[in-house]
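Novice: Pasted the sequence and its predicted model underneath.
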Amino acid sequence: QVQLVESGGGVVQAGGSLRLSCTASGRTFSTYIMGWFRQAPGKGREFVAAIWGELGSTYYGDSVKGRFTISRDNAKNTVYLQMNSLAPEDTAVYYCAAGRSSYRVKWEVRSYDFWGQGTQVTVSS
């Protein structure tokens, strides 16, 4: 069992930046694919970014490509999401997720086995 705890959410003006963190329990963190998803009110959960493998391969959703960066520190069991050039449409609850296998479809919710409780990001115009 893996427990995930997100932090770093808050309120920011459009054009600003935030960095989210997600710390995982367990000793096999480095073997998991880690992802970030978000969910705005009244909408489904949207894929944001994923990172996996020894080389730290990454993949991003189209709506955040070029603005967000995912990274991980295996020594700290932590994955980060650096969010720049934030816009009001980025407002959502952001969830961290962990998957046992990186061979699944990385942008699908069902590919991940463990989820954090979420952290709110609000971007004001």
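Specialist: Done, it's in.
Novice: Distance check, S21 against K65.
Specialist: As judged by C-beta to C-beta, to the nearest Å, S21 and K65 stand 21 Å apart. For glycine as for every other residue, the C-beta is placed from the backbone atoms N, C-alpha and C.
Novice: To clarify, my last question referred to V109.
Specialist: According to C-beta to C-beta, V109 stands 19 Å off from K65.
Novice: Which residue of S21 and K65 possesses the greater neighbour count?
Specialist: The neighbour comparison of S21 against K65 (other C-beta atoms under 10 Å) goes to S21, with 17 against 10.
Novice: Let me know whether that one touches N77 as I believe.
Specialist: No: if you go by C-beta atoms under 8 Å, S21 and N77 don't touch, sitting 10.7 Å apart.
Novice: middle-most residue in this protein, spatially?
Specialist: W36 (2.1 Å; C-alpha atoms, centre = their mean).
Novice: what's the helix or strand for the nearest residue to it once chain neighbours are set aside?
Specialist: The shortest distance from W36 to any non-neighbouring residue, by C-beta to C-beta, 6 or more residues apart in numbering, is to V48 (4.2 Å). Secondary structure from DSSP states H and E places V48 in strand 46-52.
Novice: So in that sheet, which strands flank that strand, and in what orientation?
Specialist: strand 33-39 (antiparallel), strand 57-60 (antiparallel) (DSSP bridges).
Novice: what's in contact with that strand?
Specialist: 32-40, 57-61, 63-64, 68-72, 79, 81, 92, 94, 102, 106-109 (C-beta atoms under 8 Å, 6 or more residues apart in numbering).
Novice: Derive a ChimeraX selection command for the buried subset of these.
Specialist: Isolation of the buried members of the contacts of strand 46-52 (16 or more other C-beta atoms under 10 Å) is achieved in ChimeraX through the command below:
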select :32,33,34,35,36,37,38,60,61,64,68,69,70,72,79,81,92,94,102,106,107,109
